[in-house]
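J.: Make a model of this:
(one chain, ligands or ions: 1)
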Amino acid sequence: MLRLALRMRLALRMRLALRVRFALTALLLSTLGCSSSQVEVAGGGALADSAHVPLYSPAELLGHYDPSEHPEFSRVPSDWTDKEEIYLRSEVLDAFGRMRAAADSAGVALLIRSATRNFTYQRGIWERKWERPRYMGWSAFEKARDIMTYSSMPGTSRHHWGTDLDLCAFENEWFETGEGLLVYAWLVEHAARFGFHQVYSDRAERTGYHLERWHWSYMPLAQLMLADYNVLLSSDSLGGFSGASVADSLDVIQLYVNGID
Ligand SMILES: [Zn+2]
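T.: Numbers count the residues shown, from 1 in each chain. Got it, this is the predicted structure:
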């Protein structure tokens, strides 16, 4: 246990050093006059493979860890959420705290309904849906695609990363009138200032999950994690749940993991 804690502390120190190096490389490239198209890849906004140094491990990207034991995570204060015990990356929680305070002073209440969900948790959601009686006779491909209207395959959820959260209500309609509309209008106007972005928008060309007005992502970290995901993982990395074999034919990483605004 002690050795694990030490290893995680070392990993954290290395990650901070790498993030500084990442920022310096980007700065250097920009002063050299490289256009962004030379250093970015589609969907990820990442440095090209040759220059890309992953900051996160496959286990972190796939949700194979316990956020309550991860040194870079903090527990969400109980009056910020209606859940018993949920976690976010500490940097994300700090940013959310600043956003929450600003919203509060404008009379807008931001309640966290869901935050980090690890692989085991997501598999529970997935398997419950997989067993729905109405799917009797459906192919694995059709079942998976239907579930993925709103829910992710285990291993592909941004909720694994500790950067994403669901706010207030899980129905788009709630955000269209009354208090919900006030909340949504405030977020659309101010969330970007705190690093948060609605990734599952109604932009027509976007692929993957449907519109989710409740799902907000802390982009300064999530962009780095998506870049790492694209470099480190493929559909072969997904397994351990019903229907994993159709991940490749559904092009789940390109169309869903990268299907963001
Ligand atoms: Zn969500």
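J.: And the residue of this structure closest to the ion?
T.: Of all residues in the chain, His215 sits closest to the ion, at 3.7 Å by CB to the ion. Any C-beta I mention is one placed from the backbone N, CA and C, and that applies to glycine too.
J.: Just to check, that residue is in contact with Ser201?
T.: No - contact criterion CB atoms under 8 Å: His215 and Ser201 do not qualify, at 9.9 Å.
J.: So for the two, which sits in the more crowded spot?
T.: His215 (22 against 14; other CB atoms under 10 Å).
J.: who's in contact with that one?
T.: Arg158, Asp164, Leu165, Asp166, Leu167, Gln198, Val199, Tyr200 (CB atoms under 8 Å, 6 or more residues apart in numbering).
J.: Pick out the most distant pair among those residues.
T.: Arg158 and Leu167 (14.1 Å; CB to CB).
J.: okay, those two: which has more neighbours?
T.: Leu167 (26 against 23).
J.: I'd say the more buried one and Trp214 touch.
T.: Yes - the pair Leu167 and Trp214 qualifies as a contact (CB under 8 Å) at a distance of 5.3 Å.
J.: Tell me the residues that contact both of these two, please.
T.: Arg113.
J.: where along the stretch 1-150 of the chain do the strands fall?
T.: 73-75, 87-89, 112-114 (DSSP state E, counting those that start in this stretch).
J.: Now render those as a markdown table, adding mean pLDDT and mean neighbour count.
T.: What follows is the strands of the stretch 1-150 of the chain, written out as a markdown table (pLDDT from 0 to 100; neighbours: other CB atoms under 10 Å):
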| stretch | mean pLDDT | mean neighbour count |
| --- | --- | --- |
| strand 73-75 | 98 | 18 |
| strand 87-89 | 98 | 25 |
| strand 112-114 | 98 | 18 |
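J.: Identify the residue spatially nearest to Phe194, adjacent ones excluded.
T.: Nearest non-adjacent residue to Phe194, counting by CB to CB, 6 or more residues apart in numbering: Met99, 3.9 Å away.
J.: contacting residues around that neighbour?
T.: Here Met99 is in contact with Leu110, His190, Ala191, Arg193, Phe194, Phe196 (CB under 8 Å, 6+ apart).
J.: Out of the residues you listed, who's the most crowded?
T.: Going by other CB under 10 Å, Phe196 tops these with 25 neighbours.
J.: Look up phi and psi at that one.
T.: The phi and psi values for Phe196, taken as degrees, to the nearest 10, are phi -100, psi 150.
J.: That one contacts Pro220, doesn't it?
T.: No - using CB under 8 Å, Phe196 is not in contact with Pro220; the gap is 9.7 Å.
J.: and stretch 201-215, which residues are buried?
T.: Arg206, Gly208, Tyr209, Glu212, Arg213, Trp214, His215 (16 or more other CB atoms under 10 Å).
J.: got it, and stretch 242-249?
T.: Buried residues in stretch 242-249 (16+ other CB under 10 Å): Ser242, Gly243, Ala244, Val246, Ala247.
J.: overlap between those residues and the residues near the ion?
T.: Filtering the buried residues of stretch 242-249 for proximity to the ion by CB under 5 Å from the ion leaves nothing.
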